[in-house]
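Trainee: Below: sequence and its predicted model.
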Amino acid sequence: MTDRLIREIPSIESTSSRVIQDGLFPTSPAPTVRETIFSEILANVLGANPPIDTVEEFHTKVQEYGPFDSEQDAETAWNIFTSTYTTTGKQGSNRGKKAKQYMVPFHPSIAKCIKPKESRNWGKWYTMLMTSEDGSFNSSLHEAFVDRLNQQSPSNIFEQVFVDVAEKITKDEENRGEPDPIRPYVADLSDAFQQDLQAWLSDEHDSPSNWLQSARDLFSLHFMNYYLQLAVNLRKEFEQLGEYPESSFSPEIVDIYFGLWNETASQDRRFTQEYRERDGDGIERDIYDSWGRLTALSIIAKTVEESEYNDSKKAYTLSEAVQLPDDIKHDCVANIEAHFPESERNLETDPVTSARRLAISIQQHYEEKPRSNQTPITAGINVIRQLGDGKERKYWRTQRGIGPTLRLNQAALRFLARLFILAEDDNHYDMFIQYLKNRGIYLDSESQSIALNELEDMGMIDRQSDSGGAVYVRTI
């Protein structure tokens, strides 16, 4: 589509949701702390509907059900509990408001009991990454995960007190059954997630609480990488179909450059340019623009769902939409064009042109607003930050004069090395680099050398001189 035609795209009169319930992008995430995200995941995995809405409500139940001899004992225990097992968001306090309080899901029973603030149904992302390319949900792995969660013990007697209260509250709650499959956009990422979850289920060395919090960081990494890969692949698909409307596009894992936490972020390093300046704009631009592209795909999915056509897909990439029957394609165009003023609608065009018109118009719609009113479309950028910026394991960093970059700190690198050892039979260092690449984490040669040195400093490298200088990743 030429620049002239882009300039001539009319403004939209209405907007639609970018959510595609049955695949590709099943919920619209909002930035929140990892603890909230993981609470929602655990509740979904366990089929629970948490009955407690706030931390304050749980406080009341602790006073009612707890094994305390006096109100003072109960308050002392509660103060210790909240200082240890709750966290706060930074943004509210930064604006002079009281920071929101979030419960740390240190045990599955807590997640089953207390509904997190700002619920966004992140559990559907778990379901999506547990669904393979053929549309099948990995029931056996899901059941193994549920079993592991149900067998989790509190890490100490103090935790046991609050877990007992949570279990008393939920003892009569009915659990939902296994979730329905949700098709992923980049299927290879769901395979990688399932491999890593299977590997982590085999870990028996961490305490129950540490094992659970490591699972949280595992989910955060895979969710972040899915969002990044989705955004980049959507751009590539819409660009390819714009030039070759009848071509086929298959989303695949794209090399996204990461750096190590402490390596110098000089301007000649690719990872310093990747997030904000890929081809002039960077992945951040792809995330921003994904809103409009997903909205077009959402309209197509809803149009097909409301028709009599049924091929069991439930969600469609743009190249798949091109293969729909002519009458369905006409309806898709009509429903997309309905977002423009009536005099500006082009009902005789094709789904690719119409979808690209809408995507660009949505981008322009938000770019014309003041920055403070762009919250809906910038939410994705903030979600990446929240998923990547954990307390211990970090995958995202911002620095003055450099801006945001995708990074692995030492705790994240060590965790990924542990997962690699659990998941793979061949523990050569070169295979570890390939393992990272299969998850969308690309390290250039300089970053690979730094990662090797950091792992060696942590005692996780074994150099075998009798095997021609072979280098292996090993457990500590």
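Mentor: Yep, that arrived.
Trainee: Check the secondary structure at residue 319 for me.
Mentor: For residue 319, the assignment made with DSSP: H, G, I helix; E, B strand; the rest coil gives helix.
Trainee: Name the SS class of the closest residue in space to it that isn't next to it in sequence, please.
Mentor: Nearest residue to residue 319, sequence neighbours excluded (CB to CB, 6 or more residues apart in numbering): residue 249, at 4.2 Å. For the C-beta atoms, the positions are set from N, CA and C on the backbone; glycine is no exception. Look at residue 249: counting by three-state DSSP, its state is coil.
Trainee: For residue 395, which non-adjacent residue is spatially closest?
Mentor: In this structure, residue 395 finds its nearest non-sequential neighbour in residue 388, 4.1 Å apart by CB to CB, 6+ apart.
Trainee: correct me, but that neighbour touches residue 224?
Mentor: Yes: counting by CB atoms under 8 Å, residue 224 is a contact partner of residue 388 at 5.3 Å.
Trainee: what residues are shared contacts of the two?
Mentor: 395-396 (CB atoms under 8 Å, 6 or more residues apart in numbering).
Trainee: quick one, which of the two is more surrounded?
Mentor: residue 388 (25 against 21; other CB atoms under 10 Å).
Trainee: Check for me that residue 405 belongs to a strand.
Mentor: Yes: under three-state DSSP, residue 405 sits within a strand.
Trainee: The nearest residue to residue 150 once chain neighbours are set aside: neighbour count?
Mentor: Nearest in space to residue 150, with sequence neighbours left out and distances taken as CB to CB, 6+ apart, is residue 108 at 7.1 Å. By the measure other CB under 10 Å, the count of residues near residue 108 is 24.
Trainee: swap in residue 267?
Mentor: Per other CB under 10 Å, the neighbour tally for residue 267 reads 8.
Trainee: what separates it from residue 401, distance-wise?
Mentor: Using CB to CB, to the nearest Å, residue 267 is found at 10 Å from residue 401.
Trainee: ok, back up a step: report pLDDT for the residue nearest to residue 150.
Mentor: Each residue has a pLDDT score; the one for residue 108 is 96.
Trainee: and it, what does it touch?
Mentor: For residue 108, the contacting residues are 42, 46, 149-150, 152, 212, by CB under 8 Å, 6+ apart.
Trainee: try 7 Å
Mentor: 42, 46, 149, 152 (CB atoms under 7 Å, 6 or more residues apart in numbering).
Trainee: wait, isn't the first one in contact with residue 106?
Mentor: No: in this structure residue 42 lies outside contact range of residue 106 using CB atoms under 7 Å: 10.8 Å.
Trainee: So the two - more neighbours on which side?
Mentor: Between residue 42 and residue 106, counted using other CB under 10 Å, the more crowded position is residue 42 (27 against 22).
Trainee: Give me the distance between that one and residue 242.
Mentor: 41 Å.
Trainee: now residue 300
Mentor: Separation of residue 300 from residue 242 (CB to CB): 16 Å.
Trainee: Same question for residue 428.
Mentor: Using CB to CB, residue 428 is found at 42 Å from residue 242.
Trainee: again, but for residue 321
Mentor: Taking CB to CB, one finds residue 321 at 13 Å from residue 242.
Trainee: Which of these two has more residues huddled nearby?
Mentor: residue 321 (24 against 14).
Trainee: what's the more buried one in contact with, if anything?
Mentor: 300, 332, 351.
Trainee: is it true that residue 226 lies in a helix?
Mentor: Yes: assignment of residue 226 by three-state DSSP places it within a helix.
Trainee: now stretch 180-193, how far from the chain's geometric center?
Mentor: Relative to its chain's centre, stretch 180-193 lies at 12 Å (CA atoms, centre = their mean, to the nearest Å).
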